[in-house]
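Student: Take a look and give me a structure for this.
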Amino acid sequence: MKAGDKMTQLTEEILHQVITSRPENSHKGTFGRAVLVGGNAQYGGAILMSAEACIKSGAGLTTVITAEKNHGPLHTRLPEAMALDFSETALIHEVLKNADIILIGPGLGLDKDALILLKRILKNQRQDQWLIIDGSAITLFSDAQLSLNYPAQTVFTPHQAEWERLSGLDFIHQTDENNRSKQVLLGAKIVLKSHRTTIYDEAVAYYHNPLGNPGMATGGMGDTLAGMIAGFLAQFEKNTDTIGAAVYLHSLIGDELAKENYVVLPTAISNAIPHYMKKYADERK
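Tutor: Residues are numbered from 1 along each chain as shown. A predicted model of the protein is given here:
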């Protein structure tokens, strides 16, 4: 995709461009270390869905920092994931330091401890480390008027109400021109979720995703997308095309499932990710 000021519509080509076959001589470290932070005692399902999408998108190593009561369900559903409790400060520091990708926000909550953890992650982010800020972490960031050390390596994934808090734009003023202006001020990449998700970044005015359907209007769909973005960035090139591929594949799978299902569950999308990634990797050969 070329830089410019016009809308670029995502197509299947983005999947052929980004999703590659795995090298013969590879190991789990080859495909990146992702650390997911979220899931307080009330909202454990959100971080579980993010973790499932991240793992099934192909991240080599996935660690989940979440409330201790979520560890049992996490290990039962995803034995591939490693888990840490919010209280394990020293271990959390070490895991975050070694991460390639950090996703914070799904089910995190809005309490003081969540804000402290977000501030810590923002402060310690390395220049070569990508950060995805989702869900309640967007609200915390907005309300506390926090700032980014490395905006070019940061991705916000707001729905329209979260974008209003982050940008100051109410729904009626969330035009492409206004959204683009606010994105430039932030410097971070914005994945603005709606029935037709749009990605704003520095290089291209915006990428428009033409896919998606009403069956995907289900709790956890955004958590799943955030996990997919984390999984893609962990193993592929760290750029907006990779983010676009995750966004497009998420909706493409949703559209395929909607052909035979009235409601599309986020977990059904996650279950289908490996199949579709194999399909597009093979077609690229």
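
Student: How are the strands of this protein distributed by residue range?
Tutor: Using DSSP state E, the strands of the chain run over 4-9, 33-37, 61-65, 82-84, 101-104, 130-134, 154-157, 189-192, 198-200, 204-208.

Student: In the protein, which residue is most central in space?
Tutor: residue 226 (2.3 Å; CA atoms, centre = their mean).

Student: show me the contacts for that residue.
Tutor: For residue 226, the contact set (CB atoms under 8 Å, 6 or more residues apart in numbering) comprises 50, 53, 103, 105, 106, 132, 134, 135, 157. Glycine gets a C-beta too; all of them are placed from N, C-alpha and C.

Student: about what we covered before: how about the strands of the chain in CSV, adding distance to residue 260?
Tutor: Below are the strands of the chain laid out as CSV (distance: least, CB to CB, whole Å):
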stretch, distance to residue 260
strand 4-9, 26
strand 33-37, 30
strand 61-65, 30
strand 82-84, 35
strand 101-104, 31
strand 130-134, 29
strand 154-157, 28
strand 189-192, 28
strand 198-200, 28
strand 204-208, 27
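
Student: possible to save these as JSON lines with mean neighbour count and mean pLDDT?
Tutor: JSON lines is the format used below for the strands of the chain (neighbours: other CB atoms under 10 Å; pLDDT from 0 to 100):
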{"stretch": "strand 4-9", "mean neighbour count": "11", "mean pLDDT": "73"}
{"stretch": "strand 33-37", "mean neighbour count": "28", "mean pLDDT": "99"}
{"stretch": "strand 61-65", "mean neighbour count": "25", "mean pLDDT": "98"}
{"stretch": "strand 82-84", "mean neighbour count": "19", "mean pLDDT": "98"}
{"stretch": "strand 101-104", "mean neighbour count": "28", "mean pLDDT": "99"}
{"stretch": "strand 130-134", "mean neighbour count": "27", "mean pLDDT": "99"}
{"stretch": "strand 154-157", "mean neighbour count": "26", "mean pLDDT": "98"}
{"stretch": "strand 189-192", "mean neighbour count": "24", "mean pLDDT": "98"}
{"stretch": "strand 198-200", "mean neighbour count": "23", "mean pLDDT": "96"}
{"stretch": "strand 204-208", "mean neighbour count": "19", "mean pLDDT": "78"}
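
Student: Tell me which of these approaches residue 163 most closely.
Tutor: Nearest to residue 163 among these is strand 189-192 (5.6 Å), distances taken as CB to CB.

Student: What strands flank the closest one, and is each parallel or antiparallel?
Tutor: strand 154-157 (parallel), strand 198-200 (antiparallel) (DSSP bridges).

Student: Check the gap between residue 106 and residue 214 for me.
Tutor: Residue 106 sits at a distance of 22 Å from residue 214 (criterion: CB to CB, to the nearest Å).

Student: Who has more neighbours out of these two?
Tutor: residue 106 (32 against 11; other CB atoms under 10 Å).

Student: how many neighbours does residue 169 have?
Tutor: Counted with other CB under 10 Å, residue 169 comes out at 17.

Student: measure it to residue 183 for me?
Tutor: 11 Å.

Student: Helices along the protein, start to end?
Tutor: Remark: helices assigned in the chain by DSSP state H are 13-18, 44-56, 71-77, 89-97, 112-124, 136-143, 160-167, 176-186, 221-235, 240-258, 266-284.
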